[in-house]
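K.L.:
need a structure here:
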Amino acid sequence: MSPDNANRTALTARAVAAAVSVASAYGVKVEAPQVLNNAYSVRVYLHPAPIVARVSTVTAVLRSPIESWLAREISVAKFLASQVAPVIAPSDHLPAIPHQHDGLFMTFWHYVQPISDSLPDPKIIGRMLAELHALLHDYPDDLPLLAPPLNDIPRGLERLKQAGNILTTSDLTLLQETYDRLLPQLTTDQLQPLHGDANALNLIPTAEGWLWNDFEDTCRGHVAWDLINLDDAGKSAYPNAPDSTVLEPYIKMRQLHAIVWVYALLSEFPDWAVHAKVMLNNLRDAQAPSQRIEPIPRN
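P.N.:
As a prediction, the model looks like this:
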């Protein structure tokens with residue numbers, strides 16, 4: 001086993017142990033914890049209890065303090081559940097707050113058995129997203145503006161600059177200038193609460209129907225940020241979807257977000273190096289001299 005894989009294995013084991021420890025302290029009996037997902041966070045089914053623990057591991061590197069992100073996620077999910085929205089709700093077996101153990105923060109959610117591995121039809125996503133946005137209009141608390149890109153990109157670039165051996169100076173300049181160019185193109189009109197990461201993988205097929213999941217990226221912004229993950233069929237099912245002129249800078253910002261995120265966390269996910277290189281090459285090609293847009297002048 002490589003040192004990187006050994007570190008990931010140790011972190012996963014630590015996350016499972018932390019989740020079991022917190023749950024046990026509240027009287028939850030856990031006999032056979034099962035890791036459901038292990039990427040930027042670790043999701044653990046606390047079998048036989050009907051609870052899934054979501055333990056923040058790698059995500060916390062760029063999102064500090066991570067507990068504020070988790071608290072927002074719980075707040076939004078609780079609000080939507082109170083509106084009888086199709087969402088996976090926080091568990092009622094433990095306090096619905098971010099918990100901490102062994103330096104790791106985590107939240108606890110109802111376990112709902114998926115009935116298949118299929119993804120929803122794009123038109124279903126479009127309709128469900130419109131319904132979700134309508135409910136979120138009434139969310140009463142403050143949310144940060146476009147938290148995923150506006151937090152993760154600057155923090156990711158700073159981490160890359162400090163590392164000094166992951167990207168060249170010219171690549172870092174390209175990423176920074178792309179961010180500076182795109183930022184003023186994002187509309188400041190018609191802002192509302194968003195899911196933040198509204199993609200097909202965050203809809204879970206259950207006996208109750210499709211349920212929205214994973215509101216860690218919840219934020220305030222134009223609906224375009226949530227719509228960029230949909231194909232044409234999905235957008236057609238969303239009433240009054242913004243046109244391509246509005247969507248385009250959000251699509252580009254999402255691509256930039258992915259590049260910076262993957263490179264900034266490459267030491268934790270070295271296997272993604274090839275994927276990250278492809279994305280960066282595509283950005284370079286898009287910014288070829290014949291197409292390049294001059295960066296915003298700096299004082």
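
K.L.:
let me know the secondary structure of the nearest residue to Arg284 once chain neighbours are set aside.
P.N.:
Leaving aside its sequence neighbours, Arg284 sits nearest to Leu174 (C-beta to C-beta, 6 or more residues apart in numbering; 6.8 Å). Any C-beta I mention is one placed from the backbone N, CA and C, and that applies to glycine too. Following DSSP: H, G, I helix; E, B strand; the rest coil, we place Leu174 in the helix state.

K.L.:
residue contacts, Leu174?
P.N.:
Leu283, Arg284, Gln287 (C-beta atoms under 8 Å, 6 or more residues apart in numbering).

K.L.:
one more time with 10 Å
P.N.:
Leu167, Thr168, Leu256, Ile259, Leu280, Leu283, Arg284, Gln287, Arg292, Pro295 (C-beta atoms under 10 Å, 6 or more residues apart in numbering).

K.L.:
any idea how far the residue nearest the centre of the chain lies from Val76?
P.N.:
Geometric centre of the chain, nearest residue: Asp217, 4.8 Å, by C-alpha atoms, centre = their mean. Computed as C-beta to C-beta, to the nearest Å, the Asp217 to Val76 distance reads 10 Å.

K.L.:
common neighbours of these two, please.
P.N.:
Common neighbours of Asp217 and Val76 (criterion: C-beta under 10 Å, 6+ apart): Leu194, His195, Gly196.

K.L.:
my guess is the last one meets Trp212, correct?
P.N.:
The one in question is Gly196. No: contact criterion C-beta atoms under 10 Å: Gly196 and Trp212 do not qualify, at 11.1 Å.

K.L.:
between these two, which one's more packed in?
P.N.:
Gly196 (25 against 20; other C-beta atoms under 10 Å).

K.L.:
spatially, what comes nearest to the more buried one if we skip its sequence neighbours?
P.N.:
Asp217 (3.0 Å).

K.L.:
assign the one you found to helix, strand or coil.
P.N.:
coil.

K.L.:
tally of neighbours for the nearest residue to Ala264 once chain neighbours are set aside?
P.N.:
Sequence neighbours aside, Gly156 is the residue nearest to Ala264 in space, at 3.5 Å (criterion: C-beta to C-beta, 6+ apart). Counted with other C-beta under 10 Å, residues neighbouring Gly156 total 24.

K.L.:
OK, contacts around Gly156?
P.N.:
61-62, 149, 175, 179, 256-257, 259-265.

K.L.:
if we use 7 Å, what do you get?
P.N.:
Contact partners of Gly156, counting by C-beta atoms under 7 Å, 6 or more residues apart in numbering, are Leu62, Val260, Trp261, Ala264.

K.L.:
list of residues touching the longest helix seen in the chain?
P.N.:
Using DSSP state H, we find that the single longest helix of the chain is helix 3-25. Contacts with helix 3-25, where a contact means C-beta under 7 Å, 6+ apart, come from 30, 33, 35, 38, 42, 44, 46, 49, 51, 53, 55, 57, 94, 99, 101-102, 104, 106, 270.

K.L.:
which of the shared contacts of Asp217 and Val76 fall within strands?
P.N.:
Using DSSP state E, the members of these that fall in strands are Leu194.

K.L.:
can I see the domain layout of this protein?
P.N.:
3-110, 122-286 (automatic domain parsing).

K.L.:
could you list every helix and strand in contact with the next helix-or-strand element following the longest helix of the chain?
P.N.:
The helix or strand immediately downstream of helix 3-25 is strand 34-38, counting by DSSP states H and E. In this structure, strand 34-38 packs against helix 3-25, strand 41-45, with contacts taken as 3 or more C-beta pairs under 7 Å, 6 or more residues apart in numbering; DSSP states H and E.

K.L.:
turn the ones you listed into a markdown table, including distance to Thr206, mean pLDDT and mean neighbour count.
P.N.:
Formatted as a markdown table, those follow (distance: least, C-beta to C-beta, whole Å; pLDDT from 0 to 100; neighbours: other C-beta atoms under 10 Å):
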| stretch | distance to Thr206 | mean pLDDT | mean neighbour count |
| --- | --- | --- | --- |
| helix 3-25 | 22 | 90 | 16 |
| strand 41-45 | 14 | 97 | 24 |
